[in-house]
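Trainee: The sequence and its predicted three-dimensional model are supplied below.
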Amino acid sequence: MRPARDMEPAAAPPGEWSVEGFKGIGMAESTMRRMANVNGEITLLEEARISILDRGFLYGDSVYEVFRTYDGVPLFCDEHFERMDNSARLIHMKISQSREEMLDEMRRTAAAANIPKGTDIYIAGM
């Protein structure tokens, strides 16, 4: 969706990330928690909230990318960030965080989720 002509181009919020784990065959139950990071505030996923005045909520203009880890290491980061940058460019949205800042937020969120070493997870960014 393109912003209306009389509106400023969309700007991405500082970032919203969620962490979802998945278990391989034979993996034991863990203490991992489903967490969300909305604008730098990390909470349990079911407690995460956005403002009703959030531009993405009001106008539906957002980008979405899912990162996967293998043995705790995010895979294909450059490709994911390139896709995210391209999606933002297509809707005239400026991403307000650097890639390093986004990676730091992903790491903070994963740490808060108590991810066991070696567990593969999905990290969704909006």
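Mentor: Everything's here; your move.

Trainee: wait, isn't residue 106 in contact with residue 124?
Mentor: No - Residue 106 is not in contact with residue 124 according to C-beta atoms under 8 Å; the separation is 10.0 Å. (Each C-beta comes from the backbone N, C-alpha and C, glycine too.)

Trainee: between these two, who's got more neighbours?
Mentor: residue 106 (22 against 15; other C-beta atoms under 10 Å).

Trainee: Show me what the helix or strand hosting that one is packed against.
Mentor: Secondary structure assigned from DSSP states H and E places residue 106 in helix 99-112. In terms of contacts (3 or more C-beta pairs under 8 Å, 6 or more residues apart in numbering; DSSP states H and E), helix 99-112 is packed against strand 16-21, strand 35-38, strand 41-44, helix 77-90, strand 121-125.

Trainee: make it 6 Å
Mentor: Applying 3 or more C-beta pairs under 6 Å, 6 or more residues apart in numbering; DSSP states H and E, one finds that helix 99-112 contacts strand 16-21, strand 35-38.
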